[in-house]
Structure formats: structure tokens, C-alpha cells
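Colleague: Structural data only, the sequence is not supplied:
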């Protein structure tokens, strides 16, 4: 293990061989150095005599792990558009489907979004019940 007697600056990334982790140096508390995980988290105590500056590879690895932790805690993206977000299509040859599609078009022409939505809901229900679609 590499020992160092140089004082560490707050914010400097150091490698702790006891935990095999890279941490951001915070301060000293008694005989211990306080390190915080890259990207935040719970601090831990380390023996200052065994700490060494983190290598480029260790710093990069710690940064990637921090980003992955952060990304995992973010809300996921909305689901892709599916059939529910698109207007339903009438089944060819069905008079009820044609009537509901015509009602929807009339509502669109009149800029009545509520009636348009109602027609879409009724058309979906009809397709599920009568056409199993």
C-alpha cells in the first residue's frame, strides 16, 4: 500500500485500498479521513496513511458508477406511443364503426375535441366488444 503524508485538499479524489473505493476527500475527523462517494452519498472513515490519489482510470470508473446510480433513480421515459394514443380505425363494412368514425370527423370539423375524444372512446369500446380488436 502506498502511504502519503501530504495533506489532502477537500474535493480531491482519493483511492481507499481498505474499501477498494474512490472517494472525495471531505475533511479529517480525529485520526480518520472522511471520504464521500463520487456523486454523493454516505461518507466513510478511512486511514489517511493508506490513501493515495486516484488514477485516471479509477476516477473515470467512479464517475461512471455515479452516473449509473443517478440514472437508475430517475423516472423512466414515457412508454412509446401505442394504439391507445392513436385514433381507432373503423372496421371495414361495419355500420356502427362507420357511424362512430363519422361522428368523430364531424367533431373534428367543428373543433370539438371533447366530442372527438368521446367518439374515439366509443369506437374503441365497440371494436373490443363486437370485433375483439
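Modeller: Arrived safely, thanks for sending. These figures come from a predicted structure and were not determined experimentally.
Colleague: so what's residue 12 up against?
Modeller: By CB atoms under 8 Å, 6 or more residues apart in numbering, the contact list for residue 12 reads 24-25, 53. The way it works is simple: take the backbone N, C-alpha and C, and place the C-beta from them, glycine included.
Colleague: Quickly note the distance from it to residue 23.
Modeller: 10 Å (CB to CB, to the nearest Å).
Colleague: same question, residue 86
Modeller: 50 Å.
Colleague: Over to residue 126?
Modeller: With CB to CB as the criterion, residue 126 and residue 23 are 62 Å apart.
Colleague: Look at those two and report which has more neighbours.
Modeller: Using other CB atoms under 10 Å as the criterion, residue 126 and residue 23 rank with residue 23 on top: 24 against 19.
Colleague: and the more buried one, what element?
Modeller: strand 21-29 (DSSP states H and E).
Colleague: would you list every one of the strands in this protein?
Modeller: In the chain, the strands defined using DSSP state E lie at 13-16, 21-29, 32-37, 44-46, 52-53.
Colleague: Now that residue 97 has come up, it's in contact with residue 128, right?
Modeller: No. Counting by CB atoms under 8 Å, residue 97 does not reach residue 128; the two are 11.9 Å apart.
Colleague: Look at these two and report which has more neighbours.
Modeller: A count of neighbours by other CB under 10 Å puts residue 97 above the other of residue 97 and residue 128, at 20 against 11.
Colleague: Excluding chain neighbours, what is closest to the more buried one?
Modeller: residue 90 (3.4 Å; CB to CB, 6 or more residues apart in numbering).
Colleague: again, but for residue 106
Modeller: residue 115 (7.8 Å).
Colleague: What is the burial count for that neighbour?
Modeller: When counting by other CB under 10 Å, one arrives at 15 neighbours for residue 115.
Colleague: If anything else comes up later, I'll come back, but that's it for now.
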